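Peer 1: sequence? don't have it. structure:
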């Protein structure tokens, strides 16, 4: 996934979960999470159980998601250079997202305190970041800060601007989290194909057929692993099985509600039966594959087991009464480990599945 | 707990397999849930998220058995070619069980991280346990998080054991109640750092590691074998029992004497199936050059007067004390501080003044010295340093031994419009990281008192000023190691400031000209110093004695020369034993490290 694809992915995720995007560029999003997304992404189970039990209005976190770190840094550096001469406020604001953000992210500053933004602080910091001269309100703010610092000692400037920054490159933790969140949030769907409205007569009703669509990840596993992704579709009316079903769906207009002028024809297959058909189709496909890798893995497994036997068997035999049992147990444990590590297997795991009511396909 | 994951097996798929050599599992757990949702007409998930989930799976798909998948996940840093080669070999040829035995400083941690990441990306490791010495726990956590994006957790409370990737100290892990918990779990991967400590199978550490259940296993050590064939056997047995045959077979086939192997070729072959050792000398591992310049600084007459006064004072005390070296070390410090800054001297004198009794005649003498300090108007060395910093116009790190000098330099540089930040051992982690960030960003100069410890990696900077030199060469090496390490792309320029006509001049001569410290590699120096200590006192004490007892400059010069000669003799010894002949060179194939209590202690670059 390149930066552009990641950017698009993030945008669609934020959109789908109803997050409020406060700021965006081709290189970043600054986003106030929706409660649903906050539960998925911020790892604050205690906070959320507190909200659920007391029923208070939840305060969700604001994140800075950088999809193109190099570009984003260049951008903020530019803004900083522009506002360089404008006194302290501009400086604090300009360096805020980069240095402070990282710091906050490291310390895992995810408690409610981290985003309890004093209402006055944010506009000030943002104005600074944009490089505008510190005007009268800024000066008043500073005087206030000075007063605070006299009573309490050091008051960190611009604490409101501490939005944890995440660089989203492929393999980064935050992106992994988004992937996992998408997978958890998109497991089962039920959708209807929206027919082309102009082509329809107002009193006609189009029949649409239910399909079961399943995305299967097949892993070929020994001590190493290779994977394939297959998208099967089964017509619940006829039992026809097609491959590449997901890509066909993407070309269609789908809606969660039954559209006007459409009626659903009855299904003649149960879901269980449809799942059987998918498994059979997969099996047919897999039979044609080359299993040289599995044979090689079995060979290695045999060798390793022989090596273990060679080491442990005499040891078990010659061991004294007290020790015999523990050595035998150790031998068993080692054998189990080796099988765990090497035994070849094919594992088909379902990513997600759905019912799709389609007018185009029978 | 069953090793092979068994997803729900419905009636349709049980027992079938597409090929006789594999077991086949078809996940059917979803059927019931989908049916239930369909029966209740919901709740249904969002179509966009459904599509995103498929896209995410497509992006993460492991398309090949062989190719390293983790490399495209690590834009934050680039592993060295030998580290990638190592990871590839462990994955492809060793099936994830290996001893990583690179020489110090070649990045074993990186290799282990790379291998772990690769297995995580492939979905083969979900839970890993990393056991390291207590002092390295946080460093490991940081490296795994920052470099590899692996959410590793340092073990602190009982519940942290349940995290997926736990870094813990082995001494904690092997004690109850932790031990029982860990032994009850299955770990997809176990990593043990400093694994040479697991050479004796009678120890509790060894037995604990042996009992842990793991699929993949990495043992990290810079010194795989310390002259003892038994230890070698034990280490390998931990990883792969039977790799060298049974105990008696091993003795019959490979052991000529307790410390001497036979059938070396065969032994080597058997070892190479489980052990990888990269060496600096293998080539392909490019270190940039070190360019060392010694820069002479002439003391102003006032500074020279203070130096002479302090020298006189120290000598006097030494003679008074009946030449007892132990009590004199702090006074020798005084003499070294004079060469650094008047601030440093003043702080020490002030403390000394407070410690002496009110009626002691010492007080008057100390006061005299303070008078000398008062007359000094400028610090010649600081001016020279400023000149150097301006000349390079680039990021520069300045090392000093003394806190007071550090404060002075920060202030001095600030006065001259140079943005400098401090770094010292006493700072907490957060502040250290902050200072590093500042130095990486806006600040031009970092003034540091501490080079040891972990976590300062300054590859982005290649100018270094030794404002004063420590007398312990190991500390000099650590300083250089901050900057001159894997990942440094420029030649490193090292400036040593020394004041003429003082002890510093001699120290520079000893370290640079006599023992050529600045061009040695880390492991070598370690070894030599240890030998030196075994023969006599540590180098620092020898120097102190020399300075206190010498009658004049020529006397010191002779002493230094003698010291240089004896170090070079030890160095030649070390080379001889490491290359050929001698019982200690028993396993040249493994680059045996000479034995000794701490020969294995690694200095982290």
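Peer 2: Yep, that arrived. These numbers were taken from a predicted model, which means no experiment stands behind them.

Peer 1: contacts, neighbours, all on C-alpha from now
Peer 2: OK.

Peer 1: measure residue A:9 to chain B for me?
Peer 2: In this view, residue A:9 and chain B are 7 Å apart by Cα to the nearest Cα, to the nearest Å.

Peer 1: avg pLDDT for the helix or strand where that residue lies?
Peer 2: Element membership for residue A:9, per DSSP states H and E: helix A:3-16. Helix A:3-16 shows a mean pLDDT of 91.

Peer 1: report the contact partners of the residue nearest to residue B:404 when sequence neighbours are not counted.
Peer 2: Distances taken as Cα to Cα, 6 or more residues apart in numbering or on different chains place residue B:344 nearest to residue B:404, at 4.9 Å, with adjacent residues excluded. Residue B:344 makes contact with B:337, B:338, B:402, B:403, B:404, B:405, according to Cα atoms under 8 Å, 6 or more residues apart in numbering or on different chains.

Peer 1: any idea which helix or strand carries residue B:344?
Peer 2: Assigned by DSSP H and E, residue B:344 belongs to helix B:342-355.

Peer 1: whatever helix or strand comes next after that helix: how far from the chain's middle?
Peer 2: Elements were assigned by DSSP H and E; along the chain past helix B:342-355, the next helix or strand is helix B:362-375. Centroid displacement of helix B:362-375 relative to its chain, using Cα atoms, centre = their mean, to the nearest Å, is 43 Å.

Peer 1: next one: stretch A:63-79
Peer 2: Mean C-alpha position of stretch A:63-79 versus that of the full chain (Cα atoms, centre = their mean) differs by 22 Å.

Peer 1: ok so, going back, report the two of the contacts of residue B:344 separated the most.
Peer 2: Checking the contacts of residue B:344 against each other with Cα to Cα, the farthest-apart pair comes out as B:338 and B:403, at 13.5 Å.

Peer 1: quick one: which of those two has more around it?
Peer 2: Taking neighbours as other Cα atoms under 10 Å in any protein chain shown, residue B:338 and residue B:403 compare with residue B:338 leading, 23 against 18.

Peer 1: would you agree the more buried one is in contact with residue B:305?
Peer 2: No: Residue B:338 is beyond contact range of residue B:305, at 10.5 Å (criterion: Cα atoms under 8 Å).

Peer 1: which residues of the stretch 251-362 of chain A fall in helices?
Peer 2: Remark: helices of the stretch 251-362 of chain A, listed N- to C-terminal, are A:271-287, A:292-318, A:321-342; assignment by DSSP state H, counting those that start in this stretch.

Peer 1: one more: the stretch 101-250 of chain A?
Peer 2: Using DSSP H, counting those that start in this stretch, helices in the stretch 101-250 of chain A cover A:101-106, A:121-130, A:136-152, A:173-185, A:245-250.

Peer 1: sort out which residues of stretch B:405-418 are buried, please.
Peer 2: If you call a residue buried by 16 or more other Cα atoms under 10 Å in any protein chain shown, then stretch B:405-418 has these buried ones: B:405, B:406, B:408, B:409, B:410, B:412, B:413, B:418.

Peer 1: closest to residue B:543 among those?
Peer 2: Taking Cα to Cα as the measure, residue B:543 sits nearest to residue B:405 out of these, at 22.4 Å.

Peer 1: mean confidence (pLDDT) on the host helix or strand of the closest one, please.
Peer 2: Assigned by DSSP H and E, residue B:405 belongs to helix B:403-415. Confidence over helix B:403-415, taken as the mean pLDDT, stands at 93.

Peer 1: now it, how far from the chain's geometric center?
Peer 2: Taking Cα atoms, centre = their mean, the mean C-alpha location of helix B:403-415 is offset from the chain mean by 29 Å.

Peer 1: give the other helices and strands that it contacts.
Peer 2: Helices and strands touching helix B:403-415, as assessed by 3 or more Cα pairs under 8 Å, 6 or more residues apart in numbering or on different chains; DSSP states H and E, comprise helix B:342-355, helix B:380-392, strand B:420-423, strand B:445-448.

Peer 1: note down every partner strand of the third one and its orientation.
Peer 2: Think strand B:420-423. Neighbouring strands of strand B:420-423 in its sheet, by DSSP bridges, are strand B:445-448 (parallel).

Peer 1: sec struct for residue B:417, please.
Peer 2: At residue B:417 the chain is in coil, as set by DSSP: H, G, I helix; E, B strand; the rest coil.

Peer 1: do the same with residue B:95
Peer 2: Quick answer, by three-state DSSP: residue B:95 is coil.

Peer 1: contacting residues for the spatially closest residue to it that is not a sequence neighbour?
Peer 2: Closest residue to residue B:95 apart from its sequence neighbours, by Cα to Cα, 6+ apart: residue A:223 at 5.8 Å. Residues near residue A:223 by Cα under 8 Å, 6+ apart: A:297, A:341, A:342, A:343, A:344, B:95, B:96.

Peer 1: among these, which pair sits farthest apart?
Peer 2: With distance counted by Cα to Cα, no two of those lie farther apart than A:344 and B:96, which are 15.2 Å apart.

Peer 1: quick one: which of these two has more around it?
Peer 2: Regarding residue A:344 and residue B:96, a neighbour count based on other Cα under 10 Å identifies residue A:344 as having more, with 27 against 24.

Peer 1: wait, doesn't that one sit right on residue A:296?
Peer 2: No: contact between residue A:344 and residue A:296 fails when scored by Cα under 8 Å: they sit 9.2 Å apart.

Peer 1: ok, residue B:174 - contacts?
Peer 2: Listed by Cα under 8 Å, 6+ apart, the contact set of residue B:174 reads B:204, B:205, B:208.

Peer 1: and what of residue A:235?
Peer 2: Applying Cα under 8 Å, 6+ apart, we find residue A:235 in contact with A:209, A:210, A:211, A:212, A:241, A:362.

Peer 1: what pLDDT does it get?
Peer 2: Residue-level confidence at residue A:235 comes out at 91, pLDDT.

Peer 1: beta partners of it?
Peer 2: Applying DSSP bridges, one finds that residue A:235 bridges with residue A:211.

Peer 1: neighbours of residue B:198, how many?
Peer 2: Under the neighbour criterion other Cα under 10 Å, residue B:198 is assigned a count of 21.

Peer 1: now residue 305, nearest residue through space, not along the chain?
Peer 2: This is for chain A. Among residues not flanking residue A:305 along the chain, residue A:335 sits closest, at 6.6 Å (Cα to Cα, 6+ apart).

Peer 1: switch to chain B, please.
Peer 2: With Cα to Cα, 6+ apart as the measure, residue B:372 is the residue that lies nearest to residue B:305, at 7.2 Å, once sequence neighbours are left out.

Peer 1: any idea how many residues pack against the one you found?
Peer 2: Residues near residue B:372, counting by other Cα under 10 Å, number 18.

Peer 1: that one reaches residue B:304, doesn't it?
Peer 2: No: applying Cα under 8 Å, one finds residue B:372 not in contact with residue B:304, separated by 9.8 Å.

Peer 1: so how far is stretch A:7-22 off the chain centroid?
Peer 2: Here stretch A:7-22 shows a centroid-to-chain-centroid distance of 12 Å under the convention Cα atoms, centre = their mean.

Peer 1: what residues sit buried inside it?
Peer 2: If you call a residue buried by 16+ other Cα under 10 Å, then stretch A:7-22 has these buried ones: A:7, A:9, A:10, A:11, A:13, A:14, A:17, A:19, A:21.

Peer 1: the first one reaches residue A:24, doesn't it?
Peer 2: The one in question is residue A:7. No: with the criterion set as Cα under 8 Å, residue A:7 and residue A:24 do not qualify as a contacting pair; they are 10.5 Å apart.

Peer 1: now residue A:300. Nearest residue, chain neighbours left out?
Peer 2: Using Cα to Cα, 6+ apart, the nearest residue to residue A:300 is residue A:342, at 7.6 Å.
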